[in-house]
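Enquirer: give the three-dimensional model of this entry:
(one chain, ligands or ions: 2)
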Amino acid sequence: MSIKTICIYGAGALGGAIAAKLANRVGNDATVSVVARGAHLEAIRSRGLSLREADAETPLDVHLTATDDPGTLPPQDLVITGLKGHQLPPAAEGIASLLKDSTRVVMILNGIPWWYFHRDTRSGHAELQFDELDPNSRLWRLIGPERVIGCVAYQGAEVINPGEIRLSNRGRFVLGEPSGEMSPNLEAIGALMTSAGLSITTTPDIRDEIWSKLMGNAAFNPISALTRAVMTDIMADPALSAMVGKVMNEVRAVGEALGARFTMTIEQRLEHSRHVGAVRTSMLQDLIGGKALEITPLIGMLVALGRLTAAPTPVSETVLALVTQLDRENRRGS
Ligand SMILES: NC(=O)C1=CN([C@@H]2O[C@H](COP(=O)(O)OP(=O)(O)OC[C@H]3O[C@@H](n4cnc5c(N)ncnc54)[C@H](OP(=O)(O)O)[C@@H]3O)[C@@H](O)[C@H]2O)C=CC1
Ligand SMILES: CC(C)(CO)C(=O)C(=O)O
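Expert: Ligands and ions are numbered 1, 2, ... in the order given. The predicted model follows:
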């Protein structure tokens, strides 16, 4: 696969960080552009994109083509989406306008993605679609699950000001084909992102990564939004950390019912979470910013898949009801 044109669609926290690194390192060999919007877009256009890494003394500043109209860009070899799950369906046509036959689309997402059951061989539900993730199958029809490369991000990031992104740790990304194939395209995209200075691994088991990451996000993201607490403070509170453990147990039960394999015990996962630091989850960032919360992929689908597999999710159902109401109130007030 020759990658000469790359568009990052939704250059927010993670997408923006990846765009800055790609533009910096591979900008001479490939054209890197971003689709962004609002004040963030204006800042990128006028001052460029500025990336602050946890252990770097000076920010990385790059200038690249930025637009809110993907129709002005040529068809791309590679599209990387940095949109939240609920922002994907409204962007489906825009993303589709960047595609040619060979284009691959890396989707950085927390939670259960819209393409989850495409070519899945372990759940017994291959090709199942969920309207709550992909209304009227817009993504399925306009982009197509066969183009997708899944991406699980173990990396904290935040847009601290328009045009300015901060990475909160030296994180990593895991890429995988929905089919599990270690395809030449997967390896080429992994190598390209690695050459940009990102920590990338490729896997034949992307769904296992999705479930393992979901253990943290289904618990911490809504609980952090409900309490406005950073991760260390949630873990320091015995009642909250017990609730985190219960949600993690429910994630494990539903995941296993669909064939996922977990490598860590709940105790190990909890211990790991104690050391993540004073991280504001992406859902807490959105709450503070008055934005819609990424609820369905992170906890709504956990409850829906619990029903599908007859695995009980009582604590997650309660958390879902509370965070759904919080989201309504937050948007009413913004
Ligand atoms: N941030 C983090 O620390 C982590 C995030 N993740 C996951 O990665 C994914 C991306 O998250 P994150 O980087 O935080 O997302 P952000 O909200 O920071 O970035 C999304 C960006 O896309 C923009 N956008 C949305 N719709 C459009 C559109 N139609 N056209 C142009 N721009 C658009 C948003 O603009 P606007 O702000 O105006 O909505 C925003 O700038 C999520 O699934 C998240 O859960 C995973 C690990 C860590
Ligand atoms: C909390 C964090 C950074 C890692 O689990 C994350 O994935 C998020 O904020 O959505």
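
Enquirer: what's the biggest helix in this structure, counting residues?
Expert: If you go by DSSP state H, the chain has its longest helix at helix 206-227.

Enquirer: that helix: how far from the chain's middle?
Expert: Relative to its chain's centre, helix 206-227 lies at 11 Å (Cα atoms, centre = their mean, to the nearest Å).

Enquirer: swap in stretch 131-142?
Expert: Counting by Cα atoms, centre = their mean, stretch 131-142 comes out at 17 Å from the chain centroid.

Enquirer: check whether it comes near ligand 1.
Expert: No. On the criterion Cβ under 6 Å from any ligand atom, stretch 131-142 is out of touch with ligand 1, staying 11.9 Å away. Any C-beta I mention is one placed from the backbone N, CA and C, and that applies to glycine too.

Enquirer: mind checking which helix or strand of this protein has the lowest mean pLDDT?
Expert: helix 266-274 (a mean of 90; mean pLDDT, DSSP states H and E).

Enquirer: can you show me the CA trace of the helix or strand following it as PDB?
Expert: As assigned by DSSP states H and E, the chain's next helix or strand after helix 266-274 is helix 282-288. C-alpha atoms of helix 282-288 as PDB (Å, rounded to 0.1, in the frame of the first residue of the first chain):
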ATOM      1  CA  SER A 282     -12.500  12.300  27.800                       C
ATOM      2  CA  MET A 283     -16.100  12.100  29.100                       C
ATOM      3  CA  LEU A 284     -15.300  14.500  31.900                       C
ATOM      4  CA  GLN A 285     -13.600  16.800  29.400                       C
ATOM      5  CA  ASP A 286     -16.700  16.800  27.300                       C
ATOM      6  CA  LEU A 287     -19.000  17.500  30.300                       C
ATOM      7  CA  ILE A 288     -16.900  20.500  31.300                       C
END
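
Enquirer: from the middle of its chain, how far away would helix 282-288 be?
Expert: Distance, stretch centre to chain centre, for helix 282-288: 14 Å (Cα atoms, centre = their mean).

Enquirer: swap in stretch 80-98?
Expert: Distance, centroid of stretch 80-98 to centroid of chain: 12 Å (Cα atoms, centre = their mean).

Enquirer: use 35 as the first number from now on
Expert: Okay, residue one is now 35; in that scheme the one you just asked about reads as stretch 114-132.

Enquirer: could you report the neighbour count for the residue of the stretch 85-234 of the chain found nearest ligand 2?
Expert: With Cβ to the nearest ligand atom, the shortest gap between the stretch 85-234 of the chain and ligand 2 falls at residue 190, namely 3.8 Å. By other Cβ atoms under 10 Å, the residues close to residue 190 number 21.

Enquirer: rewinding a little: do the least confident helix or strand of the chain and ligand 2 meet?
Expert: No. Using Cβ under 6 Å from any ligand atom, helix 300-308 never reaches ligand 2; the gap is at least 8.2 Å.

Enquirer: okay, now the domains of the protein?
Expert: Domain assignment for the chain, taken from automatic domain parsing, gives 39-238, 242-367.

Enquirer: now do the same end-to-end measure for the last one.
Expert: In this case it means domain 242-367. Domain 242-367 has an end-to-end distance of 38 Å (Cα to Cα, to the nearest Å).

Enquirer: can you check the longest one too?
Expert: Using Cα to Cα, the span of domain 39-238 from its first residue to its last is 26 Å.

Enquirer: again, but for stretch 134-142
Expert: In stretch 134-142, first residue to last residue: 20 Å (Cα to Cα).

Enquirer: tell me how far that stretch is from the chain's mean position?
Expert: In terms of Cα atoms, centre = their mean, the centre of stretch 134-142 is found 16 Å from the chain centre.

Enquirer: that stretch close to ligand 2?
Expert: No. Contact of stretch 134-142 with ligand 2 (Cβ under 6 Å from any ligand atom) is absent, the minimum separation being 10.4 Å.

Enquirer: is any part of that stretch close to ligand 1?
Expert: Yes. Stretch 134-142 reaches ligand 1 (Cβ under 6 Å from any ligand atom) through residue 142.
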